[in-house]
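Trainee: return a 3D structure for these sequence lines:
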Amino acid sequence: MSWEKVNFNNFSWYYHTKESNLELFKKFIIENDIVSFRKSKTYTSFKRFLETGRDAGKYPVNDMLEYPYKDHDYYFKTKHGKVIYISQPYSDYESTKKEYDNFSNNLDIKCVVYDSNFSWYSPGHSLLVIVTLNDINVKVFKG
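Mentor: Numbering: from 1, shown residues only. Alright, predicted model coming up:
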């Protein structure tokens, strides 16, 4: 699976609901200097993919949390090569935060769970989860 360039003329690759907030998503893309994206399936460990943005094996590696904590998820890459993982699950805030805190502490990575007011996929219904390496700061916006 390869990285695809973000195309501002066509976001159909990401949006499947009429509830999606396209303007909030565009703001996220622009303000974080996002240039490319890819679906979440990787062929290396999760942390290694955050570090390199590249696959290293022949077989998919699944060391990420599963549904219901992983839904509507993509990797995004900035113009500086930094990788950002985004998930927008419909799970409840407290249990999702607990699961991602445990997950990120075990891998020494940063994870922030935002309430449904920050989600662009299904505002008011899905959460916004952002996972990065510890030195990356991601700008988010309330819808």
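Trainee: give me the nearest residue to the residue of the chain positioned farthest from its centre, chain neighbours excluded.
Mentor: Most distant from the centre of the chain: K58, at 23.0 Å, with distances by C-alpha atoms, centre = their mean. Take K58 and drop its neighbours on the chain: the residue closest to it by C-beta to C-beta, 6 or more residues apart in numbering is Y43, 6.7 Å away. (Glycine included, C-beta is placed from N, CA and C.)
Trainee: please look at the one you found and V61 and confirm they touch.
Mentor: Yes: counting by C-beta atoms under 8 Å, Y43 does reach V61; the two are 6.3 Å apart.
Trainee: in the sheet, who's paired with the residue positioned nearest the centre of the chain?
Mentor: With distances taken as C-alpha atoms, centre = their mean, I86 lies nearest the centre of the chain, 1.0 Å away. Going by DSSP bridges, I86 is paired in beta bridges with Y74, I130.
Trainee: quick one: residues contacting it.
Mentor: I86 sits next to D73, Y74, Y75, F76, L128, V129, I130, V131 when contact means C-beta atoms under 8 Å, 6 or more residues apart in numbering.
Trainee: ok, the first one - how many residues close by?
Mentor: To tie it back to what came earlier, the one meant is D73. D73 has 20 neighbours, counted by other C-beta atoms under 10 Å.
Trainee: now do the second one
Mentor: Other residues within reach of Y74 by the criterion other C-beta under 10 Å amount to 16.
Trainee: could you do W120 as well?
Mentor: 26.
Trainee: now A56
Mentor: Counted with other C-beta under 10 Å, A56 comes out at 12.
Trainee: and the nearest residue to it once chain neighbours are set aside, what's its pLDDT?
Mentor: Of all residues not flanking A56 in the chain, T44 sits nearest, at 4.0 Å (C-beta to C-beta, 6+ apart). Note for T44: predicted pLDDT of 89.
Trainee: so who does T44 touch?
Mentor: T52, R54, D55, A56, G57, V61.
Trainee: which helix or strand contains the closest residue to the first one other than its chain neighbours?
Mentor: Nearest-residue entry for T52: T44, 7.5 Å, with adjacent residues in sequence omitted and distances by C-beta to C-beta, 6+ apart. Assigning secondary structure by DSSP states H and E places T44 outside every helix and strand.
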